[in-house]
Structures are given as structure tokens and as C-alpha cells.
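*Asks:* what follows is a predicted protein model with its sequence.
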Amino acid sequence: MAPAKKGDKVQVNYKGYLEDGTIFDSSEGQAPLDVTLGSGMVIPGFDAALTGMEVGDKKTVEIQMDQAYGRHNAEMVMQMPKSQIPPDLNPEIGQKLQVGGTGGEAMMVEVIDIDDEFIVLDANPPLAGKDLTFDLELVAIV
């Protein structure tokens with residue numbers, strides 16, 4: 001069988017973990033992930049790692065942050081006056097919230113700090129600024 005190439009729909013089992021060994025995502029116990037190579041469905045490094053694999057191949061790849069979720073962008077951290085928060089909301093550090101972006105789109109943010117006057121929100125993807133490692137197994141090219 002030919003190796004996986006751009007445009008192929010593939011099925012992959014995976015486990016993603018950080019440098020300290022913390023697992024952040026896995027297909028274990030679930031159906032394999034369906035990915036169309038080159039479509040932008042997954043981070044660039046994950047897509048590139050699958051390209052060229054053959055059914056049954058297994059490998060471990062290290063993906064640098066620039067080929068994953070990018071660097072942490074300080075401009076995506078915002079300080080908001082507590083007076084602008086709905087009164088029924090009691091934010092806590094680590095909580096994920098959905099807020100309206102400047103163009104009216106919804107965006108997910110994480111509460112990273114709270115003081116008497118302000119709440120600090122981070123709109124970076126949770127894995128931004130991190131190098132990632134994946135164990136991959138190509139299950140099928142469909």
C-alpha cells in the first residue's frame with residue numbers, strides 16, 4: 001500500500017503529551033481520529049508527521065511550538081474591570097469562559113488572575129508556547 005499523502009483521509013490513534021509527561025489528549029478508548037492530510041484539520045506538525053506513514057506504522061514525534069499552537073502571545077492577555085463582568089458570574093482562576101471578540105465572534109478565554117478591581121483573561125490556545133510529543137499509529141487510509 002502507498003504511503004499517506006496530501007489529500008488522503010487517514011485514521012490515526014494518538015497520544016499527545018508535554019515535556020513533563022503530562023498527557024493532554026489521547027484517542028485511547030475511542031475511535032481513531034479521522035484526518036484529511038493537508039486540509040488544516042490538525043496542527044501543521046501533526047499533519048506533517050502523518051504524511052509518508054503507511055498503514056500499521058507507529059512512531060513518536062516531537063513537534064515544536066511553531067508547528068503546533070504557536071508561541072504564547074502577550075497581546076492575547078487582557079485585563080478587564082470587574083465592573084464589566086455580569087453580576088451572576090463568579091470567575092475563578094483556571095476557569096474557561098466564552099466572551100465576545102472585537103468582531104462579535106465568540107472566543108474562549110481562561111481566567112489567569114483576579115484582584116480587587118480586575119480580572120485577567122488569556123485568549124491564547126491552552127497549548128500555545130509548548131512543544132508537544134505525540135505517539136502515532138496510522139490505522140487506515142480510507
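*Replies:* Yep, it's here.
*Asks:* domain map for this structure?
*Replies:* 9-70+127-141, 74-122 (automatic domain parsing).
*Asks:* among the ones you listed, which is nearest residue 2?
*Replies:* Each of the domains of the chain has some distance to residue 2 by CB to CB; the shortest is domain 9-70+127-141, at 7.7 Å. C-beta: built from backbone N, CA, C; applies to glycine.
*Asks:* list the beta-bridge partners for residue 108.
*Replies:* residue 98 (DSSP bridges).
*Asks:* closest to the centroid, which residue in the protein?
*Replies:* residue 127 (5.6 Å; CA atoms, centre = their mean).
*Asks:* name the nearest residue to that residue, ignoring sequence neighbours.
*Replies:* residue 69 (4.6 Å; CB to CB, 6 or more residues apart in numbering).
*Asks:* hmm, the one you found is touching residue 125, no?
*Replies:* Yes - contact between residue 69 and residue 125 holds when scored by CB atoms under 8 Å: they sit 4.3 Å apart.
*Asks:* strands of the chain, residue ranges please.
*Replies:* 9-17, 23-26, 33-36, 58-63, 77-81, 96-100, 106-114, 118-122, 132-141 (DSSP state E).
*Asks:* now tabulate those in a markdown table and tack on distance to residue 49 and mean pLDDT.
*Replies:* A markdown table is the format used below for the strands of the chain (distance: least, CB to CB, whole Å; pLDDT from 0 to 100):
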| stretch | distance to residue 49 | mean pLDDT |
| --- | --- | --- |
| strand 9-17 | 9 | 98 |
| strand 23-26 | 15 | 97 |
| strand 33-36 | 11 | 98 |
| strand 58-63 | 4 | 98 |
| strand 77-81 | 30 | 93 |
| strand 96-100 | 28 | 86 |
| strand 106-114 | 26 | 93 |
| strand 118-122 | 28 | 95 |
| strand 132-141 | 6 | 98 |
